[in-house]
Structure formats: C-alpha cells, structure tokens
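[1] Let's see this in three dimensions:
(4 chains)
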Protein chains: 2
Amino acid sequence: MESIPWLMETELQARGTAVAGPSITIKDVAALAGVSAATASRVLSGNPATSATSRQKVAAAVAQLDFHPNAQARALRSTRTNIIGLLVSDVRNPFFADLAHAAEQAALAEGFVTLLGNANESIPQQDRYLDTFISQRVDGVIAAPQGQGSSSLHALLERAIPTVFVDRTVDGIDVPSVTTDSDSGIRQAVEHLARQGHERVGYIAGPQSTSTGRDRLRSFSRAAEEFGLSTDPALTYFGDFQSASGSAGAHHLLGLAQPPTALLAADSPMAVGALATLHRKGLRIGRDMALIAFDDIEWFSLLDPPLTVISHDVEAMGRTAVRLLLEVIDGQKPESVVLPSELIVRASSGTPDPSMGQP
Amino acid sequence: MESIPWLMETELQARGTAVAGPSITIKDVAALAGVSAATASRVLSGNPATSATSRQKVAAAVAQLDFHPNAQARALRSTRTNIIGLLVSDVRNPFFADLAHAAEQAALAEGFVTLLGNANESIPQQDRYLDTFISQRVDGVIAAPQGQGSSSLHALLERAIPTVFVDRTVDGIDVPSVTTDSDSGIRQAVEHLARQGHERVGYIAGPQSTSTGRDRLRSFSRAAEEFGLSTDPALTYFGDFQSASGSAGAHHLLGLAQPPTALLAADSPMAVGALATLHRKGLRIGRDMALIAFDDIEWFSLLDPPLTVISHDVEAMGRTAVRLLLEVIDGQKPESVVLPSELIVRASSGTPDPSMGQP
DNA sequence: ATTAGCCATGGAATCGATTCCATGGAATCG
DNA sequence: CGATTCCATGGAATCGATTCCATGGCTAAT
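    Next up, the predicted model:
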C-alpha cells in the first residue's frame, strides 16, 4: 500500500478549496494493485483474460483511489468515445424537449452520453455543431436536420459517422430515420373540420426548408382538396416553427378579405402563438375560430376549451432513434421507422361561427 | 500536392455508403502543406510563432482535406476539452429547457459544447452523470444539484473541477451559484392572496431534498404567518416538482376537511398537474379555487383565466451561470448571483368563493 | 515423463495532437 | 563586418489508456 502525498484529504481540506493535482492514472491503480497497467486495463474493460486475484486487487485499488479513467485517452486509442451527438432545433420546443429526454435516457442506458446541440433553425449553427461532432469523434449522431444537405452534413456522412435522422429527413440523403406519418393525422384533422362544416381552413405551415414543413403542407393541401375545402393559396401562411410566427400567421390569416373559420398549425409553438393572437383579438376558440395543433402537449388538454390535436408518440421516437443508431454503429443497415399520428378531438374544433367570413 | 488514395470522392460515392477510412491527421495536413506537424499545430491553434507563408499553406491544406482535428487527442495533451457538463433534473420541465437552451447557447458562443444530463430528480442518476463528467474531464460543470452532497459531488470538487450551481445549492458546499430569490416573489404572492381575502392557502411544495424545495416552503410559511393566513401544516403537500405530484397534491388538499380556497405550487409542472385536477373536478380556476404558480411559462398567460405567476428571468440565469463558470475556469472566485423574482398578477387569483371551505 | 496447449501477464507500440527544446538563418546592432 | 538577438521551424517527448505480442507458468494429453 503506497501513500500518494498529493492526494491526502487533510491537505486538500485545509486549503478550503481543492487544488487540481496531477490526476490519478491507470498506472497509479496498477502500482497500488501490484499489477501492470496492461492488466489493470483488462480488468477495467472486462477483458476475460484476467485472474480473479487481479480483478479483486484492481477493483480495490480503483475504489481506494476513486479512479475515474480518462475518457479522452481511452477514446484516442480505442476510437470509441461513447458519446453521441444530438442535434435538435430548439429544446424549448416541448416536442424536442421530450425527444431529447427520451434519446438521452435511452443512450445513457446503453452507456452513451449525449452532446446536445440546438440549431435554432439556423443552418450555420447546425453546421457548427455537426463540425464539432466530427471533431469530437462522436460514435454517432441523431439529428433533426434542416435544409438540403449542407457541407457539414456531407462531411459527416463521408466520414461514415453513424447517423440517424429523427423527425425530419433530407431528400437525397440515404440515412435511416424515425419520422412521423403526418399525413394520416392531418388527413383526419381536415376531414374532421370538413365534417364540422368548415370550408376555409387557414394553415400555418412550417418552414419549407424542413421535410416536415413540406410534407405537412402537402398533406394539408391534398386533404383540403379531397374533402372539398377551399384551396385558396392565401389560406396558407409560411411560419418557421417558432411561436412568434404562429402569432403573425394567425394575425395575417384573420386579416384576409375572406378569413378562415379554422386554423391548423404545423407544430405546437406556432399553435401557442396563434392562440395568443386569438386571445388578444378576443376570439373564442372553438366557437369564433377553430384551432387544431400538430403535436400534443400535456397541458393542451387543460386549455379552455381543450385543444384538438394531432398526436404522435415522441418518447417512442427518441427511443427508436437510439435503437437505430446503435444498429448503425454495430454495422447494420436498419430500416427507417415511420410512427403513426392520429387526431385527438377535444373541444377547439367545433362548427364554424356563421358570423365569421362575412365581413 | 499529394494524392491521398483512400480519400478519393469518386471511390466513396461509388460504394453508395462511405466506408470509414483512416481519418485525416495533422500529419496529412503538414505533409500536404510541406511543413512539420509542429508548425501545422501552431497554425491551427493560432500560435503567433508562425510565418505568413506557412499559415497560408496550412490553411489551404486544411481546406483541401476538410481536416477536423481530433478533439480527444487535443484534450489528452492539453488538458482542456472545451466541454462543459450541464446537469439538470429534467429538460421536459420548461424551466430547465429554457435554462439548458440559454446555457448551451452562451457556452457555444465561448467555444464550449455541452454534455447534457437529466438527473430525473434521482440521486443515483445525478451521480452517474457527475462521474461521467469527471471521466470526460469536462472543463467545468453547471449543475442543479439534489440532495446533500453525494460522493460524486465531492469527487468533483476534490478534483477541483470548476463547478457552478444553478437554481439550487447544497448546504455546506461552497461553490458559486446563480439562484432565484424566491422569497420576494412568494411573499408578494401570499400578500396578494391575503389581500384578496384568502385565509387557507394550500401549498404544493417541492422535494425537501432540494434547496429550492426547502427555501420556498420556508418563505411560504413565514409569509403565511406574517400576513395572518392559516399555518395549518395539513395545508402543505410535499410533491416532487413533477407534474403527477401536482395532481396528487391538489387532489389531497381539496379533500381536506377544511380545504383551502387557493393553491400555490412551487414549480410549473406541479401547477399544471394541479390545474388538471381542478379541471377534472370541474372547479373554475380563479373563482372556485385560486391558483398561483412559481415559474412563468409563455402559455400560462393563454390559459383561461390567465395564470397569476411568480416570474424570474431564466434566460439570464443560464447566461450568468456560464459567465460564472468561465470565471472559475479562469481561476477567479466569483461571487454568487441572486436573481429577483416577482409576482405577476393575472386572473387566476381572485377572491375566494364563499361556498368553499364549508362542506 | 515429456510435450503441446492454454492462459494470465508485462513490456512496448500506438492513437493524434501539443509543446519543449535545440537549431539554423535572417535581421539588427555596435 | 562580426557578434548578438530574434524567430520560425522540426524533432522528439508527452498526455493516459488500449492492445499486440512474446513469455513463462500451468495443466492436460500422449
């Protein structure tokens, strides 16, 4: 048993604040255990070529020194970092918060830690993070991508860094993905509104630089036509998936010469923004103006009236993304997964107010 | 100009999916630029001891090879990782989502990336992450800690890893922190309720294993006494800062022999839970039962009635935490920062319904 | 009993960047 | 014009773990 002078607790305590000493390495552990660094390493990584004796001695030394292996050194040699990069657009959006939580927990269960990046719907910032992920030599990336395959995205794929897209995809880039089949939910929503007697439905679209923005708009247009709603292009407002654009969108649509009697927002922050505008204008939701949101959030059902939404299982999406990513890391080529969406009718989508639309 | 056969794009493209080749190192860059690795390294790290010629040649080589330096190797030698660890309890809580977003953006602006950990209000999971942060040799940690200084927390501090507490603190651990002065906001809220004529106010407390849970309860109790409200201990329900416990708390408090006429929840998820219970019971908020939440959230003002809240500046909290952390990393010993809180009166905190409290 | 085979072990090379140190050439000064 | 300083540069050591490879001690098989 050796004494390691610069580790003596008493000395540290005496100074009040600890001072960074030379950190403990596997050699210290090996020396204390009376084995070589190679053997200590084998014990730590669970290599079966170790005797019970050395396993026990190394474990004791690790505990006594409170040894925390240097992840950088390990990663450098073994080319595995046990880090995954998670790129979302904004964790303040509850959808991405749920997604990030689910992915992070699933990754942790598999021994990975998560580097989080918020792209803020900005392509330069997305690229900044992808470049960082490359430099960090992450074992894999889960991304909700934006745009049409930026240079950093190509750099990622050229280096064969395992990547899975989540929520969104990029045309022409063949990467496993976990997405939502927005079409079914939107179709149900439009059908539901048509049945309630709505004819002019305003659509607050997401940015057309995202696959979800495009897909949902296409689904909406197709369904509007199918169920005989107005296909007036003025009824579509292009937002950016953020709350302020929802407000602006609602404001714009309500100001049309022929305003809609119902609004459908392509994500929840924009729905919240639209809600705020409707409140400000004193419109009663579900009576003066119907509102349906894509994405369900716990408290949407607590609003008065409770919001009709298109719901999908975000937690499953995060979990599945991690599962697919692990398969890619493992050298497999998993199939993409498409999760269902469905309409949940609550009380914000009633029949149109006859006083609306007739100025 | 050399050719690097395994990097030829055509070959990669031909295979459809890229195959991980030997990755490009600084030696490749140096060779292509016709300088030594040492010089290339100096250029890359902005060391002034470089000639304009080599700067230009290295830059060209970096661009041509799309070189991304191996962060692990760099960290191993230089003992700086440019990674900070961010430990929160749950990003699905909008408060922590805002905090995480603000901290991550501020860190990015300073050249740091963020490892995110969700402790889920679980001490073992908190420790798991702190241990991981130690192993990753992060340059600093921002944590919303729980409990009374776990072993991993001490391990962190013994190693002199720069740490800043955010939102919460741990008694007896002297670490710079950024917290909210909950007391002023809670005092205002209680005074406001007293003025409205409430006498029995139910308090849905946070877990007493957190400093915020304890502080807010103490503030509430003190204010209740000061303004002459009932100090009946049955009016305090102990939740865990998560939504379900808010529901349970409201349910429990409403079932008392002498139920309260107002509820105050110590964080927003519990307020949402309480809201759900009130809805389910058909109670009109602000009329049958007043409700005030600690933490403001964008859509609280969109509820009907808009929620009275105790608000604080979460974005500033995240930004400040990063600033303090950088100061600690820089060897300084910054003062802790306490941010103010204030009551925002909206419509959920009206006068008590005389029919309540008399079964 | 002798050899083949297995297995735990330690020494040494390795991962990729940074940094210390010695060196040689140009610039500057007396 | 010779001596001194300055500065860009390359070689080599280094960070801390992993892993290849050779070795020696055992057991098992003939």
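[2] Distance check, A:Gly202 against chain B.
    Taking CB to the nearest CB, to the nearest Å as the measure, A:Gly202 falls 18 Å from chain B. Every C-beta, even on glycine, is put in place using the N, C-alpha and C of the backbone.
[3] Check the secondary structure at A:Ala61 for me.
    Classification of A:Ala61 by DSSP: H, G, I helix; E, B strand; the rest coil places it in helix.
[4] go on, A:Val338?
    Here A:Val338 takes the strand state, with states given by three-state DSSP.
[5] Helices of the stretch 51-200 of chain A, residue ranges please.
    For the stretch 51-200 of chain A, applying DSSP state H, counting those that start in this stretch gives helices covering A:52-65, A:71-78, A:94-109, A:123-135, A:151-158, A:182-195.
[6] Send over the longest one as CSV, restricted to the C-alpha atoms.
    Read it as helix A:94-109. Taking Å, rounded to 0.1, in the frame of the first residue of the first chain, the C-alpha atoms of helix A:94-109 are listed here in CSV:
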residue,chain,number,x,y,z
PRO,A,94,-41.7,20.8,-25.9
PHE,A,95,-41.5,18.3,-28.8
PHE,A,96,-37.8,18.5,-28.9
ALA,A,97,-37.5,18.5,-25.1
ASP,A,98,-39.4,15.3,-25.0
LEU,A,99,-37.3,13.9,-27.8
ALA,A,100,-34.1,15.0,-26.2
HIS,A,101,-35.1,13.5,-22.9
ALA,A,102,-36.1,10.2,-24.4
ALA,A,103,-33.0,9.9,-26.5
GLU,A,104,-30.7,10.9,-23.7
GLN,A,105,-32.2,8.4,-21.3
ALA,A,106,-32.1,5.6,-23.9
ALA,A,107,-28.5,6.5,-24.7
LEU,A,108,-27.5,6.5,-21.1
ALA,A,109,-29.0,3.1,-20.6
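[7] Buried ones in it, by neighbour count?
    Going by neighbour count (16 or more other CB atoms under 10 Å in any protein chain shown), the buried part of helix A:94-109 is A:94-108.
[8] Which parts of chain A are strands?
    A:83-88, A:113-118, A:140-143, A:163-166, A:177-180, A:201-205, A:236-238, A:262-265, A:290-294, A:308-311, A:337-339, A:342-344 (DSSP state E).
[9] chain center to the first one: distance?
    Which is strand A:83-88. Offset of strand A:83-88 from its chain centre (CA atoms, centre = their mean, to the nearest Å): 9 Å.
[10] And DNA strand D, is that strand touching that?
    No - judged by CB under 7 Å from any atom of the strand, strand A:83-88 stays clear of DNA strand D, getting no closer than 14.7 Å.
[11] what mean pLDDT would you report for that strand?
    Throughout strand A:83-88, pLDDT has a mean value of 97.
[12] A:Gln72 and B:Ser78 touch, don't they?
    No - the pair A:Gln72 and B:Ser78 does not pass the contact test of CB atoms under 8 Å, sitting 9.9 Å apart.
[13] Of the helices of the stretch 51-200 of chain A, which is nearest DNA strand D?
    helix A:71-78 (3.3 Å; CB to the nearest atom of the strand).
[14] Just checking the closest one against DNA strand C, any contact.
    Yes - against DNA strand C, helix A:71-78 shows contacts by CB under 7 Å from any atom of the strand at A:73, A:76-77.
[15] Most neighbours of all those, which one?
    A:Leu76 (19 neighbours; other CB atoms under 10 Å in any protein chain shown).
[16] Show the contacting residues for it.
    B:70, B:72-73, B:76 (CB atoms under 8 Å, 6 or more residues apart in numbering or on different chains).
[17] Deepest-packed of the strands of chain A, please.
    Across those, averaging neighbours per residue (mean count of other CB atoms under 10 Å in any protein chain shown) puts strand A:262-265 on top, at a mean of 31.
[18] who has more neighbours, A:Gln72 and B:Ser78?
    With neighbours defined as other CB under 10 Å, A:Gln72 and B:Ser78 compare such that A:Gln72 has more, 24 against 11.
[19] And that one, how far from B:Glu104?
    A:Gln72 sits 21 Å away from B:Glu104, going by CB to CB, to the nearest Å.
[20] With A:Thr132 instead?
    Going from A:Thr132 to B:Glu104 by CB to CB gives 12 Å.
[21] what is in contact with these two at once?
    Here A:Thr132 and B:Glu104 share the contacting residues A:Gly117, scored by CB under 8 Å, 6+ apart.
[22] Adding distance to DNA strand D and mean pLDDT, write the helices of the stretch 51-200 of chain A out as JSON lines.
    Output for these, formatted as JSON lines (distance: least, CB to the nearest atom of the strand, whole Å; pLDDT from 0 to 100):
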{"stretch": "helix A:52-65", "distance to DNA strand D": "10", "mean pLDDT": "95"}
{"stretch": "helix A:71-78", "distance to DNA strand D": "3", "mean pLDDT": "96"}
{"stretch": "helix A:94-109", "distance to DNA strand D": "19", "mean pLDDT": "97"}
{"stretch": "helix A:123-135", "distance to DNA strand D": "16", "mean pLDDT": "96"}
{"stretch": "helix A:151-158", "distance to DNA strand D": "24", "mean pLDDT": "94"}
{"stretch": "helix A:182-195", "distance to DNA strand D": "43", "mean pLDDT": "97"}
